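A.B. asks: pasting the structure only:
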């Protein structure tokens, strides 16, 4: 089974080497693909010297475009599983084998690493109460709108099997994609599951979603989920 770790990165020069190194320690056989999303610092060079495959986007497409570029690479190069891992070092890469195993064992087409599923993982960072409330709200909207039961829909730490890879390579939300991509997978009939993982607090930089954008985020994603077609457009169905 061929596994690819997709690492979208924008101005993550300070963390990308440690992320790649952590992936190699956790799963030496996994290939690593860093998608440099138009960074203006040394992210590309750091990724290249770490030994990862580097995809350099000439302009900043945002997280959705960067992740989809990784899925297209995974599809075109015949990978069986693709794991999304953030480039800022917040995802604990030691949980990567468990995510992959869930897909490889046939339990899910999309396995989400969750901060809220099952017993709390010791030492895990769970963000502020307001963000947790927003996550619970999005979880409820997903359950009502498309029947997807995911407690941590904003998690970007997830493993996708071949069916999900082929789907996301052609249909992936461009803006704030994590919750909406779960809905895309659910309407395509993919099986979605969660496992508990540990995430760390950001060690440098700031989140792109501040207080004002958090409200916009909830409104935008809510509307996207409500307006999402119940059937896939022609040509986007998975086998």
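C.D. replies: Everything's here; your move. The shown structure was predicted, so the numbers you read here are calculated from the model rather than taken from an experiment.

A.B. asks: Pick out the least confidently modelled helix or strand of the chain, by mean pLDDT.
C.D. replies: The weakest-scoring helix or strand in the chain, judged by mean pLDDT, DSSP states H and E, is helix 211-227 (a mean of 65).

A.B. asks: In contact with residue 34, which residues?
C.D. replies: When contacts are counted by CB atoms under 8 Å, 6 or more residues apart in numbering, residue 34 touches 7, 9, 16, 20, 43, 47, 50, 52-55, 87. For the C-beta atoms, the positions are set from N, CA and C on the backbone; glycine is no exception.

A.B. asks: For residue 108, state which of those residues is nearest.
C.D. replies: Nearest to residue 108 out of the contacts of residue 34 is residue 7 (CB to CB; 21.4 Å).

A.B. asks: so where does the most centrally placed residue in the chain fall, helix or strand?
C.D. replies: By CA atoms, centre = their mean, the chain has its centre lying nearest to residue 156, at 3.0 Å. Counting by DSSP states H and E, there is no helix or strand that carries residue 156.

A.B. asks: and what of the one 3 residues further on?
C.D. replies: Applying DSSP H and E as the criterion places residue 159 in strand 158-160.

A.B. asks: Just to be sure, residue 142 is in a helix?
C.D. replies: Yes. Read with DSSP: H, G, I helix; E, B strand; the rest coil, residue 142 is one of the residues of a helix.

A.B. asks: So for it, what's the nearest residue that isn't a sequence neighbour?
C.D. replies: Excluding its sequence neighbours, the residue lying closest to residue 142 (CB to CB, 6 or more residues apart in numbering) is residue 148, at 4.6 Å.

A.B. asks: Verify the stated contact: the one you found with residue 184.
C.D. replies: No. Using CB atoms under 8 Å, residue 148 makes no contact with residue 184, being 10.1 Å away.

A.B. asks: Contact partners for residue 113?
C.D. replies: Shown in contact with residue 113 (CB under 8 Å, 6+ apart): 91, 95, 99, 152, 155, 157-158, 194-197, 199.

A.B. asks: Which helix or strand contains it?
C.D. replies: Going by DSSP H and E, residue 113 is part of strand 110-114.

A.B. asks: Each with direction, which strands does that strand pair with?
C.D. replies: Sheet pairing for strand 110-114, assigned by DSSP bridges, gives strand 158-160 (antiparallel), strand 192-196 (parallel).

A.B. asks: which other helices and strands contact the helix or strand harbouring residue 163?
C.D. replies: Assessed by DSSP H and E, residue 163 sits inside helix 162-170. Judged by 3 or more CB pairs under 8 Å, 6 or more residues apart in numbering; DSSP states H and E, helix 162-170 is in contact with helix 62-76, strand 81-84, helix 177-187.

A.B. asks: Tell me which of the ones you listed sits nearest to residue 130.
C.D. replies: Shortest distance between residue 130 and the helices and strands packed on helix 162-170, using CB to CB, is found for helix 177-187: 16.6 Å.

A.B. asks: between that closest one and strand 110-114, what angle do the directions make?
C.D. replies: Put simply, helix 177-187 runs at 140 degrees to strand 110-114, going by axes from the mean of the first three to the mean of the last three CA atoms, to 10 degrees.

A.B. asks: how much space is there between residue 158 and residue 40?
C.D. replies: Going from residue 158 to residue 40 by CB to CB, to the nearest Å gives 28 Å.

A.B. asks: oh, I was asking about residue 12
C.D. replies: Noted for residue 12: a distance of 12 Å to residue 40, by CB to CB.
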